[in-house]
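Asker: Structural data only, the sequence is not supplied:
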């Protein structure tokens with residue numbers, strides 16, 4: 001069906017990827033509407049998840065996933081961070097559990113420090129990948 005063409009294309013991208021990188025800004029304590037729309041297009045019963053005897057089962061093979069979270073003032077992992085838990089839950093629902101978060105947070109307070117911290121985290125992740133290969 002033509003109505004599912006975009007969804008089919010996005011699902012195929014997920015199914016064939018080895019590594020995922022998501023950039024997720026925190027907008028008004030939540031994810032942007034565009035990310036929510038993307039999630040709605042790729043969460044498909046019988047395609048990316050199924051219902052088993054004990055509840056939903058993700059059908060996407062697990063693959064390393066990096067989630068870069070940006071914010072103006074909310075620290076990643078703080079009591080005000082409703083984004084990282086939501087993103088982790090959505091990915092796990094699809095079967096993706098090898099998730100690493102990179103914080104580029106509090107950009108309005110100290111942008112240079114936030115970017116430096118994010119770059120450091122990315123560098124450490126790349127070093128781990130190089131050692132594993």
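Answerer: Thanks, I have the structure now. This is a predicted model, so every value here is computed, not measured.

Asker: the helices in the protein, which residues?
Answerer: In the chain, the helices defined using DSSP state H lie at 5-16, 33-42, 83-94, 111-132.

Asker: what's the most buried one of these?
Answerer: Across the helices of the chain, averaging neighbours per residue (mean count of other Cβ atoms under 10 Å) puts helix 83-94 on top, at a mean of 17. Heads up, the C-betas are built off the backbone N, CA and C, glycines and all.

Asker: quick one: it to chain centroid distance?
Answerer: Centroid separation for helix 83-94 versus its chain: 7 Å, with Cα atoms, centre = their mean, to the nearest Å.

Asker: ditto for stretch 103-112
Answerer: On Cα atoms, centre = their mean, the centre of stretch 103-112 falls 19 Å from that of its chain.

Asker: Ends of that stretch, what's the gap?
Answerer: Criterion Cα to Cα, to the nearest Å; first-to-last residue distance in stretch 103-112 is 13 Å.

Asker: Mind listing what's buried along it?
Answerer: Neighbour-count burial for stretch 103-112, counted by 16 or more other Cβ atoms under 10 Å, picks out 103-107.

Asker: what's the farthest-apart pair in those?
Answerer: Farthest pair in the buried residues of stretch 103-112 (Cβ to Cβ) is 103 and 107. Separation: 10.3 Å.

Asker: Common neighbours of these two, please.
Answerer: Common neighbours of residue 103 and residue 107, counting by Cβ atoms under 8 Å, 6 or more residues apart in numbering, are residue 114.
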